[in-house]
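In: the sequence and its predicted three-dimensional model are supplied below.
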Amino acid sequence: MVSWNVRGLNDSRKRLVVRNLLLEWNFGVVCLQETKLAGMDRQLICSLWSCPYVDWVALDVDQTAGGVLMMWDRRALEKLEQLWEVPWSYIEDFNIVCFPSERLGGSRLTPAMKNFSEFIEELSLIDLLLEGGSYMWSSGSDQPSMSRIDRALVSHD
C-alpha cells in the first residue's frame with residue numbers, strides 16, 4: 001500500500017508521472033491525497049492506473065482543498081481475504097471533516113463532508129477518538145483556522 005500527497009492532479013503531465021510511478025511500484029492499494037479533483041470517473045482512474053481490475057472510492061475536493069482517491073486491485077484484496085480475516089485501519093490526514101462542528105467556525109454541511117460521512121458509514125468503519133484537543137490541525141495564524149482532519153478509522157473486526 002502507498003499513501004501519497006500528490007498536491008493536485010489537474011495537470012495531465014502530473015497524472016502521467018503518477019501513472020508511471022504506480023506501474024513501477026506495483027502496489028495493490030493506492031491512496032492519493034490532495035487530488036484537488038471533483039467528479040472522478042473510470043476514464044480518469046484509468047489515466048492514473050492502468051490496472052484492469054481497479055476499483056476506487058473518492059472524496060471530492062472541497063472548494064480548493066482536499067480530495068482523496070483510494071484505488072485498489074480487486075485481485076490483491078481477494079487474495080488477502082482468502083488468506084486472513086484481518087481488521088482494517090485507515091489512519092490518515094484525510095483533509096476533510098465529517099460535520100461543520102469539526103471545523104472552528106464551520107457553518108454548513110458541504111457535499112464533500114456528506115460524501116466522507118457516507119464513505120465511513122458504507123464501510124462500517126469506527127472512528128476512533130484521537131487524544132488531544134477537539135481540533136487536530138491549525139493554520140497557526142493570529143486568528144487560526146482549526147479542523148479535525150486527522151482520523152483513525154477501523155473495521156469492526
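Out: Arrived safely, thanks for sending.

In: where does the protein have its least confident helix or strand?
Out: strand 137-138 (a mean of 58; mean pLDDT, DSSP states H and E).

In: can you name the next helix or strand after that one?
Out: Next helix or strand after strand 137-138 toward the C-terminus (DSSP states H and E): strand 146-147.

In: now for that next one, which elements pack on it?
Out: Here strand 146-147 touches strand 137-138, going by 3 or more C-beta pairs under 8 Å, 6 or more residues apart in numbering; DSSP states H and E. For glycine as for every other residue, the C-beta is placed from the backbone atoms N, C-alpha and C.

In: now do the residue of the chain positioned farthest from its centre against E102, distance only.
Out: No residue in the chain sits farther from the centre than D142, which is 29.4 Å out by C-alpha atoms, centre = their mean. Plainly put, D142 is 22 Å away from E102 if you go by C-beta to C-beta, to the nearest Å.

In: likewise E92?
Out: For E92 relative to E102 (C-beta to C-beta), the value is 15 Å.

In: spatially nearest residue to F99, not counting backbone neighbours?
Out: M113 (6.5 Å; C-beta to C-beta, 6 or more residues apart in numbering).

In: what's the closest non-adjacent residue to the spatially most central residue of the chain?
Out: Of all residues in the chain, the one closest to the mean position by C-alpha atoms, centre = their mean is V68, 3.4 Å from it. Excluding the flanking residues, the one nearest V68 by C-beta to C-beta, 6+ apart is L59, at 4.3 Å.

In: tell me how far the one you found lies from G66.
Out: The gap separating L59 from G66 is 7 Å, by C-beta to C-beta.

In: between those two, which contacts overlap?
Out: Each of 94, 96, 112 lies in contact with both L59 and G66 under the rule C-beta atoms under 8 Å, 6 or more residues apart in numbering.

In: out of the residues you listed, flag the one nearest to L125.
Out: F94 (11.5 Å; C-beta to C-beta).

In: and that closest one, what does it touch?
Out: So F94 contacts 33, 59, 66, 68, 116, 149-151 (C-beta under 8 Å, 6+ apart).

In: what's the following helix or strand after the longest helix anywhere in the chain?
Out: Looking across the chain with DSSP state H, the single longest helix is helix 12-25. Downstream of helix 12-25, the next assigned helix or strand under DSSP H and E is strand 29-33.

In: dump the C-alpha coordinates for that following strand into CSV.
Out: Extracted in CSV, the C-alpha atoms of strand 29-33 (Å, rounded to 0.1, in the frame of the first residue of the first chain):
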residue,chain,number,x,y,z
VAL,A,29,-3.7,-0.4,-2.8
VAL,A,30,-3.1,3.3,-3.5
CYS,A,31,-4.3,6.3,-1.6
LEU,A,32,-3.8,9.7,-3.3
GLN,A,33,-4.3,12.7,-1.1
